[in-house]
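> below is the structure, and that's it, no one-letter string:
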């Protein structure tokens, strides 16, 4: 009986701590979003109140959609993220297959070489990357960003995917070989479908830093027509510091797509982290 | 299989085809630029606009010439403080949350996990501005909330004061990233086999002492990985400071870290022109710092941590 009560007490305490931290984590986001729907006066007089019919106002959103080219920015971010993701997954899976499937001289060295990039951030090469992009005329193109992000995502992708590819049964691949499938067919039709869950995990891990990156868009592609949404909102908010409605609305608009993507993929992401760490 | 033996090691072209795209992109955009940057730090431009080899002179300037060294050591010290705050605040909170989350039969664990991880997926731009607004004395959310609990006197415009700004930003960064240690430790705790815990319970070790005596030693390798990830991330940080305080990392460079220092040097700011050679020198110094940290971890820490295979 005493034990049951102490267990009950402990579980209440656990909920209290977790709930407190959840509030700390969500409160700032919540404040921004509710205030983006209020009139300027209400933002200042009652910052913590939810919008009521009296204080409801969409003026901030109207300003943002009129002034900033947010659809263009959004489209640019989408193109960059999807294209980089495609190349990271395709090239990463191919390299991971070669490293995990075949024994050849230099296999281990190649694996270590590709893993270097997990620890050394690509940003340190920025000076030379910019010079290279200037020389090849790729500055202010989305291609420059796609190339850099592909290189940035590859090391982790190869590392995670080769762990998973080692688990694909040899019997299956050998059965394919006996049936006369080429190595390419074995990779694309037998192995790839089996590592799809791992691919989804890598996709989520790769996607978030690309979507959120400010450094490379700022340096490689700052022109208006190729701005990503992260850089676009940074510049836009910087210009409208005193227009609180517009700033709050722009922030809410920037939060929304990431939040939706996260809620769709969160199970995948969490499963990926927990599976990866068990190793 | 039979053909392999008959032809005695034919060249297996497919291995090359599988490896080539990844290796080419990775080498061209990561390894070569990194090497070129390290190389660039050994050159400089003379008065006659000629590029000449200067050996380690750039580093002597960076570490010794007061014009540069003051800013560099300031940035390095700030960066070290930034990292320290993460280690002493972010990781203990992460461990605590993970330990609570992994307690058996906890209702709503999935909800807490998902919610607490949300700040981590937001971009620095959002996080920087959101906190700038909340801490702003103009809007008054922070002073208003302190007022509600009778502590209004404690309010200071933290981001505007030299002595508080860096700590405040480090704590904002902790707020954003606490989800990562939480998740990794949570995963490590889940992977502890039930038999170990049951054996501990048989011996009467439960609750908090079970955590300190059984679980914590078992998750030390994960804490090591988190520490090195935090180290690399912190010494490479830029975005949050840039968004919240601008490239000048105000007030009076109190929040200047290596990333913002590199950006200012490379691109120039206000009246100072950008300098790719000194920029490359700073990048090389950052490379050195990160490499040192990774080596200390790999050879000093990781080999000493005992790993248990279940």
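That came through, no problem. What you see is a predicted model; the values in this text were computed from it and never measured.

> the residue lying closest to residue B:155 once chain neighbours are set aside - how many residues pack around it?
Nearest residue to residue B:155 in three dimensions, chain neighbours excluded: residue B:143, at 4.3 Å (Cβ to Cβ, 6 or more residues apart in numbering or on different chains). For glycine as for every other residue, the C-beta is placed from the backbone atoms N, C-alpha and C. Neighbour count of residue B:143, defined by other Cβ atoms under 10 Å in any protein chain shown: 18.

> quick check, central residue of chain A?
Of all residues in chain A, the one closest to the mean position by Cα atoms, centre = their mean is residue A:208, 1.0 Å from it.

> just confirm that residue is within a helix.
Yes - if the criterion is DSSP: H, G, I helix; E, B strand; the rest coil, then residue A:208 is within a helix.

> what sits closest to it if chain neighbours are left out?
residue B:121 is the one closest to residue A:208 (Cβ to Cβ, 6+ apart), at 5.6 Å.

> those helices in the stretch 201-310 of chain B, which residues are they?
Assigned by DSSP state H, counting those that start in this stretch, the helices in the stretch 201-310 of chain B fall at B:207-210, B:216-234, B:239-245, B:258-267, B:276-295.

> ok so, going back, for the helix or strand the residue nearest to residue B:155 falls within, which outside residues touch it?
Using DSSP states H and E, residue B:143 maps to helix B:141-148. Applying Cβ atoms under 8 Å, 6 or more residues apart in numbering or on different chains, the contact partners of helix B:141-148 are A:31, A:47, A:48, B:133, B:134, B:135, B:136, B:137, B:152, B:154, B:155.

> ranking by neighbours, what's the top pick from these?
residue B:133 (24 neighbours).

> by contact count, what packs against the next helix or strand after the helix holding residue B:143?
Proceeding N to C from helix B:141-148, the next assigned helix or strand is helix B:162-177, under DSSP H and E. If you count contacts as 3 or more Cβ pairs under 8 Å, 6 or more residues apart in numbering or on different chains; DSSP states H and E, helix B:162-177 packs onto helix A:2-36, helix B:66-85, helix B:109-121, helix B:124-135, helix B:239-245.

> can you tell if the first one touches chain B?
Put plainly, it is helix A:2-36. Yes - using Cβ under 8 Å from any Cβ of the partner chain, helix A:2-36 reaches chain B at A:10-11, A:14-15, A:17-19, A:21-22, A:24-26, A:28-29, A:31-32.

> and that helix, how far from the chain's centre?
Remark: helix A:2-36 is offset 27 Å from the chain centroid, using Cα atoms, centre = their mean, to the nearest Å.

> run a quick neighbour tally on residue 74.
Went with chain A since none was named. Residue A:74 - counted by other Cβ under 10 Å - has 16 other residues nearby.

> meant chain B actually
16.

> for it, give me its contacts.
B:253, B:256.

> pLDDT at it, what is it?
What the model reports as pLDDT for residue B:74 is 93.

> so which of the helices of the stretch 201-310 of chain B is nearest residue A:107?
Residue A:107 sits nearest to helix B:276-295 of all these, at 23.0 Å, using Cβ to Cβ.

> in the closest one, what counts as buried?
Across helix B:276-295, burial judged by 16 or more other Cβ atoms under 10 Å in any protein chain shown covers B:276-287, B:289-290, B:293.

> quick check, nearest of the residues you listed to residue B:220?
residue B:293 (18.0 Å).

> hey, which helix or strand in chain B has the poorest pLDDT?
Counting by mean pLDDT, DSSP states H and E, the weakest-scoring helix or strand in chain B turns out to be helix B:2-7, with a mean of 48.

> that older thread, only the buried subset of the residues of helix A:2-36 next to chain B, as a ChimeraX command please.
Applying 16+ other Cβ under 10 Å to the residues of helix A:2-36 next to chain B, the buried members can be selected in ChimeraX as follows:
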select /A:11,14,18,21,22,25,28,29,31,32
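
> quick one: neighbours of residue B:62, just the number.
Count around residue B:62 with other Cβ under 10 Å applied: 22.

> for chain A, see how far away it is.
According to Cβ to the nearest Cβ, to the nearest Å, residue B:62 stands 14 Å off from chain A.

> circling back to that earlier point, if we look at chain A, which of the buried residues of helix B:276-295 are close to it?
Applying Cβ under 8 Å from any Cβ to these, those adjacent to chain A are B:276, B:279, B:280, B:283, B:284, B:286, B:287, B:290.

> residue A:62: what's it in contact with?
Residue A:62 neighbours (Cβ under 8 Å, 6+ apart): none.

> and the helix holding residue B:143, average pLDDT?
Mean predicted confidence for helix B:141-148 is 78.

> phi, psi of residue 139?
I went with chain A, as the question did not name one. Per-residue torsions, residue A:139: phi -60, psi 140 (degrees, to the nearest 10).

> right idea, wrong chain: chain B
Torsion angles, degrees, to the nearest 10, at residue B:139: phi -70, psi -40.

> residue contacts, it?
A:43, A:44, A:47, A:244, B:133.
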